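Q: fold the following, please.
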Amino acid sequence: MNSKDIIIFDTYFDIEREKELREIMFEDCTEEWASPEAIPEQEVQNEMYEQNRTQWECVVDCLDSLLHKNCCLLTGYFGSWRGNLDGGKFINKIDEFLDVIDHLDYIKIIDRNGHLIIEGSHHDGSDRYELKKLTRKGYELADRNYFANDRALHKTIMNTNFYSALPRFAKALYW
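A: Residues are numbered from 1 along each chain as shown. The predicted structure is shown next:
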């Protein structure tokens, strides 16, 4: 099966994105820049920051809506100087999700064939998580286990379609 990645949000530097942004800024500008390359770096960075901020607000709103309607499970690893540390957490509110990713300096959110993948990097390494919705049966299983931070429980829920479902976040965000 071919993997279809839809980039939802990305703060990593991308030279192609910068080139496109410079072209747009040059076409729309009222300044006297001789070429897209003549636009001061700080102007480009300010515009990129503003675009990221606006897009992030939209992503957070959509995630908030998803988490308001569903209990979800976030699993993956945190990259540290000691290596990758596996973990998982049941997420019910946007603030709980934001607390998990708050330490990331750069972040990329991807819809990969319906799977919601969160990748990021920070001073100690790289993180990678996946978020899935709990089905009714998955919620009941988690509840019977007191929503424990237990790897076996998390693995069972994440790997069984009776217990979890793909969020298909790009579809919810764009359609």
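Q: which parts of stretch 153-166 are buried?
A: 153-154, 156-158, 163-164, 166 (16 or more other Cβ atoms under 10 Å). From N, CA and C alone the C-beta is placed, and that goes for glycine too.
Q: er, stretch 70-90 I mean
A: 70-79, 87-90.
Q: how far does that stretch sit from the chain's center?
A: Computed by Cα atoms, centre = their mean, to the nearest Å, the separation of stretch 70-90 from the middle of its chain amounts to 13 Å.
Q: first-to-last residue distance for that stretch?
A: Stretch 70-90 stretches 11 Å from its first residue to its last (Cα to Cα, to the nearest Å).
Q: how about residue 16, secondary structure?
A: Under DSSP: H, G, I helix; E, B strand; the rest coil, residue 16 falls in the helix class.
Q: count of residues packed around it?
A: When neighbours are defined as other Cβ atoms under 10 Å, residue 16 has 7 of them.
Q: equivalent analysis for residue 26, please.
A: Residues lying near residue 26 (other Cβ under 10 Å) number 16.
Q: residues contacting it?
A: The contact partners of residue 26, by Cβ atoms under 8 Å, 6 or more residues apart in numbering, come to 33, 35-36, 39.
Q: quick one: the strands in this structure?
A: For the chain, applying DSSP state E gives strands covering 5-10, 72-80, 83-91, 106-112, 115-122, 125-134, 164-165.
Q: now the angle from the second one to strand 115-122?
A: This means strand 72-80. Computed by axes from the mean of the first three to the mean of the last three Cα atoms, to 10 degrees, the angle separating strand 72-80 from strand 115-122 equals 30 degrees.
Q: neighbouring strands - and their directions - for strand 72-80?
A: Partner strands for strand 72-80, per DSSP bridges, with pairing direction: strand 83-91 (antiparallel), strand 125-134 (antiparallel).
Q: which of those strands sits closest to residue 47?
A: strand 125-134 (27.0 Å; Cβ to Cβ).
Q: dump the contacts of residue 26 into CSV; add neighbour count, distance to residue 149 and pLDDT as well.
A: Shown next, in CSV, are the contacts of residue 26 (neighbours: other Cβ atoms under 10 Å; distance: Cβ to Cβ, whole Å; pLDDT from 0 to 100):
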residue, neighbour count, distance to residue 149, pLDDT
33, 15, 54, 87
35, 9, 55, 91
36, 18, 50, 93
39, 19, 49, 93
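Q: contact partners for the residue nearest the centre of the chain?
A: The chain has residue 109 as the residue nearest its centroid, 3.0 Å off, counting by Cα atoms, centre = their mean. Counting by Cβ under 8 Å, 6+ apart, residue 109 touches 7-10, 59, 116-119, 169.
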